[in-house]
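Asks: dropping a prediction and its sequence here:
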Amino acid sequence: MTTLSDIGVAAAINISSALLFFVAFAILRLQPWNDRVYFPKWYLKGLRTDPVHGRPLVSKFINLDWRAYLGSLNWMPEALRMPEPELIDHAGLDSAVYLRIYLIGLKIFVPIAFLAWIVLVPVNCTSTGLEGAQMKNITSSDIDKLSISNVHRGSERFWGHIVMAYTFTFWTCYVLLKEYEKVATMRLGFLAAEKRRPDQFTVLVRNIPPDPDESVSELVEHFFLVNHPGHYLTHQVVYDANKLAKLVKKKKKLKNWLVYYQNKLERTSKRPEIKTGFLGLWGKKVDAIDHHITEIDKLSKEIVEERENVTNDPKAIMPAAFVSFKTRWAAAVCAQTQQTRNPTLWLTEWAPEPRDVYWRNLPIPYVSLTVRRLITAVAFFFLTFFFMIPIAFVQTLASLDGIQKAAPWLKPLVDIPFIKSFIQGFLPGIVLKLFLIFLPTILMIMSKFEGYGSISSLERRSASRYYLFNFVNIFLGNILTGTAFQQLSSFIHQPANQYPVTIGTAIPLKASFFITYIMIDGWASIAAEVLMLKPLIVYHLKNFFLVKTEKDREEAMDPGSIGFNTGEPRIQLYFLLGLVYAAVTPAVLPFIIVFFGLAYLVFRHQVQRCKIYSEQINDD
């Protein structure tokens with residue numbers, strides 16, 4: 001059972017790791033060779049150049065100005081300084097609304113924590129309910145004395161918990177209502193100020209039925225001219241152009257090599273040569289520039305021929321099309337209504353942006369979509385409920401008793417107070433986090449198999465499944481396994497009518513695990529987010545092995561986006577934990593508040609990074 005000292009050790013480790021990440025970020029972001037990683041948007045906008053020209057050799061890689069490190073943590077107040085309207089212009093409305101979710105967490109849980117610690121904690125800690133429970137073999141720790149489990153059954157003190165539960169609920173609903181009004185106003189203002197886009201007037205039509213007398217293009221045009229007269233504007237059918245896409249990609253690659261050799265000629269004044277064999281390792285030596293110009297001309301002709309083949313080949317036309325209307329109202333009506341008596345044909349939905357289309361899923365038939373989603377639902381069910389078995393097993397091995405049973409020779413080491421506290425307060429959360437590393441990828445593959453036609457739909461579907469998985473395996477799974485297994489002796493020696501009492505007493509005792517999980521998954525992970533370790537490593541690997549031209553460098557330093565399919569489910573889980581344990585174990589709330597505050601600071605920096613340091617770096 002996790003004790004206060006174990007949680008203290010876990011908190012100290014997480015705080016130390018967070019500070020270590022911040023210090024590492026402060027050092028890495030000041031190095032000239034990392035400038036493109038931490039300020040990518042400014043480079044992509046052409047507002048920033050490499051700060052290495054005219055410097056000594058060492059200064060091109062290492063910042064030797066010690067004064068720059070004194071203000072290395074200035075990014076924290078600067079991240080909070082940008083006004084929200086400017087943030088929307090800089091990073092978009094989605095980023096601003098995403099950040100407001102963390103603000104909602106602070107607005108909800110800061111007042112709740114204040115009331116809970118003022119009212120409920122004194123009520124709980126002055127009771128003696130767990131002293132009697134110890135006689136019934138219900139294990140508990142010091143932190144559980146702050147929970148509702150320490151209150152005697154039938155005590156008048158429960159009225160305080162009931163009143164506070166209703167107060168917390170009303171306050172949460174009030175904050176959500178006000179925030180929904182605010183976000184709705186922001187969205188309407190954003191749409192009113194935004195320029196018109198083609199996707200706002202366009203509908204995606206899928207499962208177009210075949211017609212022996214008309215082509216797909218003619219059929220679409222006739223259908224919408226008849227059913228939407230006066231509103232239909234134009235359409236574009238979807239083609240299977242995979243071969244054409246490969247040729248275009250190959251031509252793009254050759255053009256990049258041509259630019260590389262032309263730059264090389266300018267630097268050296270000597271025409272470069274290459275071998276025409278495999279990977280340029282053998283074969284006839286030819287002029288590199290002339291060779292690539294010739295290959296590009298050949299590919300251009302092949303692309304023209306392939307484009308004509310795709311256009312004229314009926315088999316290349318997919319049963320899907322983008323249909324545009326003259327007004328947004330007409331597009332909205334078409335996207336939200338059934339077009340024919342048969343609900344499986346002429347399926348319509350809002351067209352995603354061109355960058356958001358997942359082309360591979362557009363031609364999937366309706367019946368196939370239904371079968372795919374049934375298969376995915378069954379697979380997700382087994383993944384969710386059978387995943388609990390290895391998690392419970394490994395977490396049992398990661399416990400103090402499990403380690404002593406599996407490796408008795410480690411008992412002297414485990415008995416050391418610090419090691420013991422680390423195992424009980426830190427190791428189970430790490431094991432659980434490691435088990436979930438590949439889960440987002442698996443869920444995204446399942447969403448793609450289902451057949452959704454846009455990347456945003458795939459992310460939303462993956463996010464909803466991720467939350468359900470977290471709810472079952474992290475929340476319910478740890479509560480049920482933690483209570484049913486730990487309190488097994490109580491169940492054996494008690495009558496059946498006492499089981500609900502035992503479970504109701506033991507569920508709040510699992511709060512210590514969730515506290516350590518919040519510190520590991522929340523504090524440490526969010527602090528590591530600011531480092532951008534993965535983009536940093538990927539950029540330098542690409543820059544060393546793959547980058548040949550400035551275009552390659554721009555692609556290598558792609559800033560990417562916040563992972564919605566992983567970040568949003570985590571927020572929902574912490575809202576769930578906070579609202580469930582607010583009136584039960586208020587000791588959880590401070591840890592959740594720290595998470596929301598730290599996440600708001602870090603992600604506000606991430607969505608606006610590359611702007612807050614511009615003046616300082618340019619002055620250097």
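Replies: Looks like it arrived, so ask away.

Asks: so how far is stretch 580-600 from its chain's centroid?
Replies: Computed by Cα atoms, centre = their mean, to the nearest Å, the chain-centroid distance of stretch 580-600 equals 21 Å.

Asks: and stretch 461-475, by the same measure?
Replies: Its chain's C-alpha centre and that of stretch 461-475 lie 13 Å apart, by Cα atoms, centre = their mean.

Asks: now do the same end-to-end measure for it.
Replies: Length of stretch 461-475, first residue to last, Cα to Cα, to the nearest Å: 20 Å.

Asks: now do it, average pLDDT.
Replies: Across stretch 461-475, pLDDT averages out at 89.

Asks: same check, this time on stretch 526-535
Replies: For stretch 526-535, mean pLDDT is 78.

Asks: and stretch 208-227, by the same measure?
Replies: Stretch 208-227 comes out at a mean pLDDT of 90.

Asks: can you check stretch 119-131 too?
Replies: On average, stretch 119-131 scores 80.

Asks: quick one: contacts of that stretch?
Replies: The list of residues contacting stretch 119-131 from outside it, by Cβ atoms under 8 Å, 6 or more residues apart in numbering, reads 138, 140, 144-153, 155, 157, 160-161, 164, 505, 583, 586-587. C-betas here are computed from N, CA, C, even on glycine.

Asks: how about the secondary structure of Ala599?
Replies: Following DSSP: H, G, I helix; E, B strand; the rest coil, Ala599 is assigned to helix.

Asks: and it, how many residues sit next to it?
Replies: 25 (other Cβ atoms under 10 Å).

Asks: which pLDDT value belongs to it?
Replies: 90.

Asks: now do Val580
Replies: 89.

Asks: is it in a helix, a strand, or coil?
Replies: Val580 is classified as helix under three-state DSSP.

Asks: number of residues surrounding Arg197?
Replies: Look at Arg197: counted by other Cβ under 10 Å, it has 10 neighbours.

Asks: that one and Pro352 touch, don't they?
Replies: No: using Cβ atoms under 8 Å, Arg197 is not in contact with Pro352; the gap is 11.2 Å.

Asks: outline the domain layout of the chain.
Replies: Domain assignment of the chain by the TED database yields the ranges 4-192+370-610, 199-352.

Asks: re earlier: which of the contacts of stretch 119-131 are buried?
Replies: 138, 140, 144-151, 157, 160-161, 164, 505, 583, 586-587 (16 or more other Cβ atoms under 10 Å).

Asks: helix or strand: which one has Ile562?
Replies: Using DSSP states H and E, Ile562 falls within no helix or strand.

Asks: which residues are in contact with it?
Replies: Ile562 touches Ser95, Tyr98, Phe603, Gln606, Val607, counting by Cβ under 8 Å, 6+ apart.

Asks: what residues does the first one make contact with?
Replies: To tie it back to what came earlier, the one meant is Ser95. Leu87, Ile88, Ile562, Val607.

Asks: what about the last one, how many residues close to it?
Replies: This points to Val607. There are 21 residues near Val607, going by other Cβ under 10 Å.

Asks: give the other helices and strands that whichever helix or strand it is part of contacts.
Replies: Here Val607, judged by DSSP H and E, is contained in helix 589-608. Helix 589-608 makes packing contacts with helix 75-79, helix 84-91, helix 93-115, helix 525-529, helix 564-581 when contacts are defined by 3 or more Cβ pairs under 8 Å, 6 or more residues apart in numbering; DSSP states H and E.

Asks: Leu598: which of the ones you listed is closest?
Replies: Closest of these to Leu598 is helix 525-529, at 5.2 Å (criterion: Cβ to Cβ).

Asks: show me what the closest one is packed against.
Replies: The contact analysis (3+ Cβ pairs under 8 Å, 6+ apart) places helix 525-529 against helix 4-28, helix 589-608.

Asks: in the chain, which spans are strands?
Replies: Applying DSSP state E to the chain gives strands spanning 202-206, 232-239, 273-275, 285-287, 317-325, 347-350.

Asks: in terms of mean pLDDT, which of those strands ranks lowest?
Replies: What stands lowest among these, in mean pLDDT terms, is strand 273-275, with a mean of 81.
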